[in-house]
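Student: Please work out how this folds:
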Amino acid sequence: MASLIGTAAAFSAKGTRVKNWNNVQTYDVAALRNDLAAQRGNVVGVRCNFRGKDIRHVKPKWYESSIWQKSPSRNGFVDLRVMVAKQDLPTFKSITSEQGGTDMVLYGRVERDVEANFLFVRLLGRTANVDSTGNATITW
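Tutor: Numbers count the residues shown, from 1 in each chain. Model prediction:
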């Protein structure tokens with residue numbers, strides 16, 4: 001979590017700048033779960049249908065939750081752990097927590113909590129505005 005908090009200053013209310021937007025890949029939840037370690041440090045898009053109902057306050061400015069999608073290989077759903085900044089929490093909560101929501105893409109950076117030793121996606125937003133130079137600004 002220390003590395004997560006250290007990078008918080010880089011993310012402002014104006015959105016998060018991402019260079020080389022064409023290199024950002026979008027994954028289904030199950031596919032990203034299987035490739036999470038290899039994507040560490042990368043910004044990714046994640047297709048999901050709803051957020052988890054449980055939201056835990058883990059640090060003064062950070063909340064832990066999950067995003068969910070119908071499993072492509074079996075009955076049921078598959079989830080992915082996410083971290084949400086305090087200022088983004090109201091918008092994250094506006095995403096349905098009911099199963100079977102419509103497909104959406106959330107953008108985030110794959111990071112590792114060094115204290116607890118787990119990988120997660122630090123959510124950055126839902127909308128990417130790409131400029132003429134091929135860079136993007138991600139906002140909620």
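Student: Need the pLDDT of the residue lying closest to Lys86 once chain neighbours are set aside.
Tutor: Excluding its sequence neighbours, the residue lying closest to Lys86 (C-beta to C-beta, 6 or more residues apart in numbering) is Lys61, at 4.5 Å. Placement of C-beta: from N, CA and C, glycine included. The model reports Lys61 with a pLDDT of 92.
Student: And for Lys93?
Tutor: According to the model, Lys93 scores 96 on pLDDT.
Student: Ok, Ala10 next?
Tutor: Each residue has a pLDDT score; the one for Ala10 is 42.
Student: How about the helix ranked longest in the chain, which residues are buried there?
Tutor: The longest helix of the chain (DSSP state H) is helix 29-35. Using 16 or more other C-beta atoms under 10 Å as the test for burial, helix 29-35 gives Val29, Ala30, Ala31, Leu32, Arg33.
Student: Just the strands from the protein, written as ranges.
Tutor: Along the chain, counting by DSSP state E, strands occupy 16-18, 25-28, 43-48, 50-51, 56-59, 62-70, 77-85, 104-113, 118-125, 127-130, 136-139.
Student: export those to TSV and tack on mean neighbour count?
Tutor: Formatted as TSV, the strands of the chain follow (neighbours: other C-beta atoms under 10 Å):
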stretch	mean neighbour count
strand 16-18	18
strand 25-28	16
strand 43-48	21
strand 50-51	23
strand 56-59	12
strand 62-70	21
strand 77-85	20
strand 104-113	20
strand 118-125	20
strand 127-130	14
strand 136-139	20
